[in-house]
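Asker: Predicted coordinates and the sequence they were generated for:
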Amino acid sequence: MNVVEFQNVSRVYKNGEHEQRALDRVNLKLEEGKFIVVLGPSGAGKSTLLNLLGGLDNPTEGTILVNGRDISTLTGNELADYRAATVGFVFQSYNLIPTLTVLENVALVKEIAPDPLSSHDMLKAVGLFDHIHNFPSELSGGEQQRVSIARALAKNPKILLCDEPTGALDSQTGVMVLKLLLSMARNMGKTIIIVTHNQNIAKMADVVVRVKNGKIQACENQAHPLAVEEVDW
């Protein structure tokens, strides 16, 4: 079944008399439990698509359905509830709280998520269990990114939105994280949506969405995506 549907969605930003169409009448359907990669050059509209789906921005026109619910009409409080219950985020910026330990940063999701997973288990899954008492300043950039990924996974979201989630990671750690994300889709029915420039990640996807100049150029279903181990990194 379709978990996400964009119907003639546009996002226009205005600066005086100048208009920029970040998304231009986009139509898109995405199925539940798929590993989805969104590809496109800088400025194509990839991050705008992610922000709209995450309820961080509103469309200028059109309808965004998530599990049949039109999130483009929700109030601020309703959007906050939607973000808490339905979506998780992994941004390029780590957004960690510097005065909290690694474990405390991840455990924060318990305050908003209705059905969180174990913070300890998620940190173990991203290879950081030995650092649970460290503070973000004591970690490398790649380790901080893994904390942000563990926090997003601990929220136990139905949809996980990832903006270049392996960008700050070395290839070995990036492969480990991608295996974890794939497992969440394959074994737990999560819908994983990754925005990336990395063509290799697209080889593992169930669906590849290609974006250019604010438009969907293609939405390709891959019947036999490669396993992580089969990709030449």
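Answerer: That came through, no problem. Just so we're clear, the structure is a prediction, and the values are computed from it rather than from any experiment.
Asker: all contacts plus neighbour counts: C-alpha atoms, from now on.
Answerer: OK.
Asker: three-state assignment of the residue nearest to the spatial centre of the chain?
Answerer: Taking Cα atoms, centre = their mean as the criterion, Leu161 is the residue nearest the geometric centre of the chain, at 1.3 Å. What DSSP: H, G, I helix; E, B strand; the rest coil gives for Leu161 is strand.
Asker: Please tell me how far it sits from Gly189.
Answerer: Distance of Leu161 to Gly189, computed by Cα to Cα, to the nearest Å: 14 Å.
Asker: One more: Val87?
Answerer: 14 Å.
Asker: which residues are in contact with both of these two?
Answerer: Both Val87 and Gly189 are contacted by Lys158, under the criterion Cα atoms under 8 Å, 6 or more residues apart in numbering.
Asker: Looking at the two, which is more packed in?
Answerer: Val87 (22 against 16; other Cα atoms under 10 Å).
Asker: where's the more buried one relative to Asn77, distance?
Answerer: Val87 is 15 Å from Asn77, where distance means Cα to Cα.
Asker: now do Gly189
Answerer: Counting by Cα to Cα, the gap from Gly189 to Asn77 is 27 Å.
Asker: after the worst-scoring helix or strand of the chain on mean pLDDT comes which helix or strand?
Answerer: Across the helices and strands of the chain, mean pLDDT, DSSP states H and E gives its lowest value to helix 171-188, namely a mean of 89. Going down the chain from helix 171-188, the next helix or strand is strand 191-196, by DSSP states H and E.
Asker: Measure how buried Val9 is and give me the count.
Answerer: Val9 has 23 neighbouring residues, counting by other Cα under 10 Å.
Asker: Surely it is in contact with Asn27?
Answerer: Yes - using Cα atoms under 8 Å, Val9 makes contact with Asn27 at a distance of 6.7 Å.
Asker: Which residues are in contact with each of those two?
Answerer: When contacts are counted by Cα under 8 Å, 6+ apart, the set common to Val9 and Asn27 is empty.
Asker: what's the angle from the least confident helix or strand of the chain to strand 159-163?
Answerer: 160 degrees (axes from the mean of the first three to the mean of the last three Cα atoms, to 10 degrees).
Asker: Only the buried residues of helix 171-188, if you could.
Answerer: Residues Thr173, Gly174, Val175, Met176, Val177, Leu178, Leu180, Leu181, Leu182, Met184, Ala185 are the ones in helix 171-188 that count as buried (16 or more other Cα atoms under 10 Å).
Asker: starting at the chain centroid, how far to that helix?
Answerer: Here the centre of mass of C-alpha atoms in helix 171-188, compared against the chain's by Cα atoms, centre = their mean, to the nearest Å, lies 13 Å away.
Asker: so how far is Ile193 from Asp232?
Answerer: Going from Asp232 to Ile193 by Cα to Cα gives 22 Å.
Asker: quick one: which of the two has more around it?
Answerer: Legend: neighbour count by other Cα under 10 Å for Asp232 and Ile193, higher for Ile193 (25 against 6).
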